[in-house]
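J.: build me a model:
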Amino acid sequence: MSFVLVQVIVGGLLLGAVYALFSSGLTLVWGMMNIVNFAHGDFVMLGMYVAYVVYTLMGGGPILGAPLATLVLATVGVVVYFALIRDIMKGPMLAQILGTFGLALLLRYSVFWWFGANFLSMPQNIVGGTYAFAGLRIEASRLLAGVVALLVTLGLHLLLTRTSLGSKMLAVAEDQTAAQLMGIRPDTMQAIAWAIAAGATGLAGALIANFFYIVPTVGETLGIVAFVTVSLGGFGSVPGALVAGLLIGVIESLSGYLIGAIYKDIVVYVLFLLFLWFRPQGLMGKM
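T.: Numbers count the residues shown, from 1 in each chain. Here you go, the predicted structure:
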């Protein structure tokens, strides 16, 4: 195997880790409330713009931009839950779909109005140069994004499975009435879930903004990636989202290198549909 091919695979793994991070928020919300958030990709887009604003106004890189984007989007998540989600959860599924889709349009066109439709980007050397290791050359921005995203996604899984907060959130997901009888407030747990999910998208957006184009419509592309990742990994499974994100990142990178960048999405979606044909519950989902 040539060094170039290995480098392509490593790059795909690093990008896939970021996919897994922002997809884990989508699978968390679904697992707790059975709500599909069609504005999820636009949350990532907002995180990218927060990082861009931090850079343009303060000259700060991801060390400052990533925490601020996480905090801002976590706040947005809580506001969205109490202002919109809590009410539309009581309605039919169509109300939930249209509500989150309308939210996506509101966020997207608000950014259009404020920043315009021009493509923006961060300086290539904002994180550092390129690292050479064992014949491989890896951009510092991609390495930082991949490593941080991987650690945070694993941390989210541990939070849900090894902590008291995670147990309370899972209890609410299983049976809200029983959770209330145990002294757990479903509203609080669901708001925290939205804060975590939106915060994860903010962090992912701030990390990916260092090497990805920034434009209001980027949320459409990233939203589709998130849905494919969650469907492939299994709705409600954070480990599934992690594995699926890494797989999609590698498949995208290999397809772009071996066939051409214009065909990489086609390859991913065709393989995705073929896989779901035989295993519709995803890699780690339950029937």
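J.: what about the strands in the stretch 51-200 of the chain?
T.: 130-133, 136-139 (DSSP state E, counting those that start in this stretch).
J.: for the last one, buried residues please.
T.: To tie it back to what came earlier, the one meant is strand 136-139. 138-139 (16 or more other C-beta atoms under 10 Å). All C-beta atoms are positioned from the backbone trio N, CA, C, and that covers glycine.
J.: related to what we said a few turns ago, lowest average confidence across the strands of the stretch 51-200 of the chain, which one?
T.: Looking over the strands of the stretch 51-200 of the chain, mean pLDDT reaches its minimum on strand 130-133, with a mean of 75.
J.: any weak-confidence spans in the protein?
T.: For the chain, residues meeting the criterion pLDDT under 70 lie at 1, 134, 285-287.
J.: re earlier: can you list the strands of the stretch 51-200 of the chain in CSV and add distance to residue 69?
T.: Formatted as CSV, the strands of the stretch 51-200 of the chain follow (distance: least, C-beta to C-beta, whole Å):
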stretch, distance to residue 69
strand 130-133, 24
strand 136-139, 20
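J.: residue 104 is nearest to which of the ones you listed?
T.: Closest to residue 104 of these, according to C-beta to C-beta: strand 136-139, at 30.2 Å.
J.: can you give the strand pairings for that closest one, parallel or anti for each?
T.: strand 130-133 (antiparallel) (DSSP bridges).
J.: chain center to the strand it pairs with: distance?
T.: 27 Å (C-alpha atoms, centre = their mean, to the nearest Å).
J.: just the CA trace of that strand, in PDB.
T.: Taking Å, rounded to 0.1, in the frame of the first residue of the first chain, the C-alpha atoms of strand 130-133 are listed here in PDB:
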ATOM      1  CA  THR A 130       1.800  20.400   8.300                       C
ATOM      2  CA  TYR A 131       3.200  17.600  10.400                       C
ATOM      3  CA  ALA A 132       5.400  14.900   8.800                       C
ATOM      4  CA  PHE A 133       5.200  11.500  10.500                       C
END
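J.: any chance you could list what contacts that strand?
T.: Here strand 130-133 makes contact (C-beta atoms under 8 Å, 6 or more residues apart in numbering) with 137-140, 143.
J.: so residue 18 sits against residue 144, correct?
T.: No - with contacts counted by C-beta atoms under 8 Å, residue 18 stays clear of residue 144, the gap being 10.3 Å.
J.: higher neighbour count, these two?
T.: residue 18 (29 against 20; other C-beta atoms under 10 Å).
J.: what's residue 246 in contact with, if anything?
T.: Counting by C-beta under 8 Å, 6+ apart, residue 246 has contacts 12-13, 16-17, 19-20.
J.: residue 145 too?
T.: Neighbour list for residue 145: 14-15, 17-18, 207-208, 210-211 [criterion: C-beta under 8 Å, 6+ apart].
J.: out of these, who's nearest residue 226?
T.: Checking the contacts of residue 145 against residue 226 by C-beta to C-beta gives residue 18 as the nearest, at 10.9 Å.
J.: helix or strand: which one has the closest one?
T.: Using DSSP states H and E, residue 18 sits within helix 3-33.
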